[in-house]
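In: Fold the following.
(one chain, ligands or ions: 1)
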Amino acid sequence: MPVAQESIESGVVMDCSAMQSLIASLLRIVGPKGLVHGADLSMRLSGKPQRAEVLVRPADTGEVSAVLAACHAAGVAVVPHGGLTGLVHGADSGPDEVILTLERMRRIETVDTSQRTLVAEAGVVLEVAQAAAAAACLSVPVDLGARGSATLGGMVATNAGGNSVLRHGMMRDNVLGLEVVLADGTVIDSMNPLVKNNTGYDIKQLFIGSEGTLGVVTRVVLRLLEAPCGYGTALLGLPDFACTGPLLRRLDQALDGRLSSFEVMWPEFYRAVSTPPAAGRPPLSHDHGLYALVEASSRVPEHDEGFASILSELMEQGLIADATLANNERERQALWALRDDVAQLRHAGPLVAYDISLPLADTGDYVERLRGAILARWPAAHCWAFGHLGDGNVHVAVHVPDLSSDDRQVLDSLVYSPLQALRGSVSAEHGIGLEKKSWLGISRNPTEIALMRALKHALDPTGVLNPGRIFDLQRSGGQR
Ligand code: ZN
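Out: Reported below is the predicted structural model:
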């Protein structure tokens, strides 16, 4: 008897025999090593929000193209997977969808020291790309905490940001070229290696940040930079939030463009990551109004002393209350570990994590009002704020005991609704996925969303690529 189940968004009902015949076609394309289903797939996906019955692992672009063509012909949705480090459920799969992973496409093709580019397949893990660049005394401009799992393709698809956006921008600013496979299997070779190339539309930008809804990225040309010789890294205690604006500007001016990170931790966050059960002693006391982790990278080792004297000048000016500098790489890593130790927040219980962006001048008030509103509604709640403040990005983690789905709606509204008037963003760097699509209208107006739908329709008219992520597809004639 055929089993019929709805996919996440499409409403298309797939019967068992049609899926079986698609699986047979996929097997012919990728061979037994390239397809996982049945008990093997259940084991692999157990505990994850994945309900797909089949996962394909193509070995090259030709196979990706053939897989997409087959799924397109069968009208079956495809959910592309990178390193699964995303936080907005953009890669969750439904029972009538096929998972496409590029985990077998992990070849670094070239590190070109003259052009200063890295050409790689999309399944390459960021850390591996960083090591390949470092071996040639170069560096990948984008870095983030999930570097050990995040793949270049996933980072392109989600326009990943991270810890040095202030200086180097997001993926969008560092990708020179892409190879992408469209929904119907058409391969678009746009592997441009040039920094300057104004020959018509910049096609790659369409796909960067499209969250797998417009095409599957198969190869990438990344821009590389000269590797820094050293870092000046310091944890600062600040008197209050009002200091952050002037401090950021004066630090950036004094460091002459070398400031690469300006991370901020509100006191509740700093306390959580610097008191037991967190490891180690707090490098600064717990009585400051705000904490900033700042870093300057440099090609010239002598700049280290300059960094310390710049900080002491800013201390004399009252913008910094206390500071501790990293004297070596181990101390530098220890300061970053503090900022990255988000796991400490989980001792309180399950967390809801937010990733928002707003103008710096409004951020201090916004965070205080949000904290007040959350505690007024749920007195036993916890609210921690931290983030990449140098680029306007704040992460807020909230724990509300026994959070119901109605409570979650209220909480989301407390976080997102005030952003509309401030022209803030409901997603600074994590994307929209499934989780934030009902809030897209806070940050994007109806004409912008209509244009997004038109682009989706032009590139994927039958809606087989990650449908229902970012926004719902308009339905016509019972189709998506
Ligand atoms: Zn972040």
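
In: and Asp165, what does it touch?
Out: Rather than Asp, residue 165 is Val. Residues near Val165 by Cβ atoms under 8 Å, 6 or more residues apart in numbering: 142, 388, 390-391, 393, 429. The way it works is simple: take the backbone N, C-alpha and C, and place the C-beta from them, glycine included.

In: Nearest to Leu214 among the residues you listed?
Out: Glu429 (19.0 Å; Cβ to Cβ).

In: what number of residues lie near the nearest residue to that closest one once chain neighbours are set aside?
Out: Residue nearest to Glu429 in three dimensions, not counting chain neighbours: Gly161, with 3.5 Å by Cβ to Cβ, 6 or more residues apart in numbering. Residues near Gly161, counting by other Cβ atoms under 10 Å, number 25.

In: can you give me the strands for the stretch 251-400 of the chain?
Out: Ranges of strands in the stretch 251-400 of the chain, per DSSP state E, counting those that start in this stretch, are 259-265, 290-298, 322-325, 352-357, 382-387, 393-399.

In: any chance of these in JSON lines, plus mean pLDDT and distance to Asn192?
Out: Output for the strands of the stretch 251-400 of the chain, formatted as JSON lines (pLDDT from 0 to 100; distance: least, Cβ to Cβ, whole Å):
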{"stretch": "strand 259-265", "mean pLDDT": "96", "distance to Asn192": "26"}
{"stretch": "strand 290-298", "mean pLDDT": "94", "distance to Asn192": "27"}
{"stretch": "strand 322-325", "mean pLDDT": "96", "distance to Asn192": "41"}
{"stretch": "strand 352-357", "mean pLDDT": "96", "distance to Asn192": "29"}
{"stretch": "strand 382-387", "mean pLDDT": "97", "distance to Asn192": "33"}
{"stretch": "strand 393-399", "mean pLDDT": "97", "distance to Asn192": "28"}
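
In: Let's have these in TSV, adding distance to Ala77 and mean neighbour count.
Out: Formatted as TSV, the strands of the stretch 251-400 of the chain follow (distance: least, Cβ to Cβ, whole Å; neighbours: other Cβ atoms under 10 Å):
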stretch	distance to Ala77	mean neighbour count
strand 259-265	38	24
strand 290-298	42	24
strand 322-325	51	17
strand 352-357	26	21
strand 382-387	34	24
strand 393-399	31	22
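
In: what's the closest of those strands to Ser417?
Out: If we rank these by Cβ to Cβ, the stretch that ends up nearest is strand 352-357, at 11.5 Å.

In: Contacts only, for the nearest residue to Ala380 once chain neighbours are set aside.
Out: Leaving aside its sequence neighbours, Ala380 sits nearest to Pro401 (Cβ to Cβ, 6+ apart; 5.3 Å). Pro401 makes contacts with 349, 378, 380-381, as judged by Cβ under 8 Å, 6+ apart.

In: gap between Pro401 and His382?
Out: 9 Å (Cβ to Cβ, to the nearest Å).

In: Quick check: neighbours shared by those two?
Out: With the criterion set as Cβ under 8 Å, 6+ apart, the contacts of Pro401 and His382 do not overlap.

In: show me where the stretch 101-250 of the chain has strands.
Out: Under DSSP E, counting those that start in this stretch, the stretch 101-250 of the chain gives strands at 108-112, 117-121, 138-139, 175-181, 187-190, 216-223, 225-226, 230-238.

In: Flag every buried residue along the fifth one.
Out: By neighbour count with 16 or more other Cβ atoms under 10 Å, strand 187-190 contains the buried residues 187-188, 190.
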